[in-house]
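> this one's structure only:
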Ligand SMILES: Cc1cc2nc3c(=O)[nH]c(=O)nc-3n(C[C@H](O)[C@H](O)[C@H](O)COP(=O)(O)OP(=O)(O)OC[C@H]3O[C@@H](n4cnc5c(N)ncnc54)[C@H](O)[C@@H]3O)c2cc1C
């Protein structure tokens, strides 16, 4: 419930969180990074084929050198650890749904889209709307990576809170990102009745964050953006059971929520119905502006959009220094009525986040800072420190005792500035990605802008968003 009280002093909450995290809070927004080493810069690039994974699962990267992580083994009762599968798979069995086939042989299209997560599918849909013929290929299943394995939050703005974005990118640019993403959310909601425009809540966990919530409120109000002070201690606040008496927050009404895997599958089905040729289990092995190869096929085209976010550097090594792969993790519970969480919630500077699906399941993610360097370029599998953090948060902070049915991870791309990229990296090859952990909306928006650029050669929106 939205309140209008001034932020208070969330000491209790902070103490609980400090106990959960083992230390005080700290801002962990995208910042200067250690660039990933480029693995080559020739064009076209020869790629290593990723083994296909079962439907909805992320293929393990066997070649990843950073695989010395702790894989969960002990916490699970008899019956074994849940498979590395998102809770969303339980609600994504659409009538008549089947994965598109593997690409075999030669196909022709105006545009080839590489990567069929939310961003690539938005590009496919946009190209169809523009009258283009489209081929889309994915190394695994539709939305088998981060797009089908994330929190499902559809958030306006960049990876930075709006007031931080204003400070970092300037007011005009920050507003262009904010307004563009609000439009994108509205577009998503209009296209898909399962997208619930319920808003989102930011919770502050200590005095420092409470002051930051106040700053965010003030800047967003100054900029005419929809935002409300929010009282998380109200009886029907819907943020969990164990909120401290002096907690504070804000509510962003424009934000939305959806089962991300089901949403992508519905979008893919619509694209196929509209004439797109989609292929799964078909990794791009070489990429140039008029020819993309897979192990058993070739796509001849006039332009290419590469929409692979966290693995951009593997397909286009020239981007490896600019987009670093980071692992993010979540867990999900059996359906429960112990709490009612009607809208997505994020806390601790956005490092922890949770929501409740219509069937009552809690999906809880975050704790990236609890895994340390382990979460950088790591295999996309749940690890013990992060899952322990999430489990403690679930039990002690959100107040849910329901059994944990799912634990999962996926890789996303982070950039030093927090802004994603959208640019022509080779003649006729447009790359998008580097959403710094919040790509559901931005990725779709950039997927559509990349198509506009590839088809027409220019985009007014791109000029507003980027230094061009
Ligand atoms: C645990 C977690 C929680 C998150 N929560 C949120 C959230 O609540 N809200 C939000 O906005 N964002 C969230 N994110 C980030 C969000 O998931 C990503 O930013 C977004 O999914 C990026 O979508 P994408 O389509 O660009 O990339 P991806 O989803 O990574 O899809 C890329 C696709 O490219 C394919 N591919 C890779 N290599 C090749 C190849 N060689 N050839 C062909 N295809 C290839 C992959 O198989 C994959 O299907 C979260 C991420 C994670 C992991």
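Happy to help now that I have it. Predicted model only: the values in this text are computed from it and were never measured.
> which stretches of the stretch 351-468 of the chain form helices?
384-392, 439-456, 460-465 (DSSP state H, counting those that start in this stretch).
> going on from the helix-or-strand element of the chain with minimal mean pLDDT, what's the next piece of helix or strand?
The weakest-scoring helix or strand in the chain, judged by mean pLDDT, DSSP states H and E, is helix 11-21 (a mean of 46). Using DSSP states H and E, the helix or strand that follows helix 11-21 in sequence is strand 105-108.
> Contacts made by that next one with the rest, please.
133, 135, 277, 296, 297, 298, 299, 300, 301 (C-beta atoms under 8 Å, 6 or more residues apart in numbering). (C-beta placed from N, C-alpha, C; glycine too.)
> surely the third one meets residue 136?
Yes. Under the criterion of C-beta atoms under 8 Å, residue 277 makes contact with residue 136 at 7.3 Å.
> Between these two, which is the more surrounded one?
Shown here are residue 277 and residue 136; by other C-beta atoms under 10 Å, residue 136 has more neighbours (31 against 20).
> What backbone torsions are found at that one?
phi -120, psi 140 (degrees, to the nearest 10).
> oh, and call the first residue 27 from now on, that's how I've got it
Right, with 27 as the first residue, what we last looked at is residue 162.
> That one: what's it in contact with?
Residues 138, 139, 140, 142, 146, 147, 150, 297, 302, 303, 304, 305 are the ones in contact with residue 162 under the rule C-beta under 8 Å, 6+ apart.
> Read off the pLDDT value for it.
pLDDT, residue 162: 98.
> The one 4 residues further on now?
At residue 166, the pLDDT value in this model is 98.
> can you tell me how far it sits from the ligand?
To the ligand, residue 166 is 4 Å away according to C-beta to the nearest ligand atom, to the nearest Å.
> my read: that residue touches residue 307, true?
Yes. Counting by C-beta under 8 Å, residue 166 does reach residue 307; the two are 6.7 Å apart.
> now, the most widely separated pair of the contacts of residue 162?
Based on C-beta to C-beta, the longest span within the contacts of residue 162 runs between 140 and 297 and measures 14.7 Å.
> ok, residue 320 - how many residues close by?
23.
> beta partners for it?
Assessed by DSSP bridges, residue 320 has beta-bridge partners residue 323.
> Repeat that for residue 163.
Bridge pairing for residue 163 - DSSP bridges - gives residue 140, residue 305.
> Isn't it up against residue 327?
No. Between residue 163 and residue 327 there is no contact under C-beta under 8 Å: 10.8 Å.
> Return every residue with contacts to both of these two.
138, 318.
> from the contacts of residue 162, which are also near the ligand?
When contact is defined as C-beta under 6 Å from any ligand atom, the contacts of residue 162 meet the ligand at 140, 142, 146.
> check contacts around the first one.
Going by C-beta under 8 Å, 6+ apart, residue 140 touches 146, 162-164, 310, 313, 318, 330-334, 341.
> again, 7 Å this time
146, 163, 310, 313, 318, 330, 332, 333, 334, 341 (C-beta atoms under 7 Å, 6 or more residues apart in numbering).
> With that, I have no additional questions.
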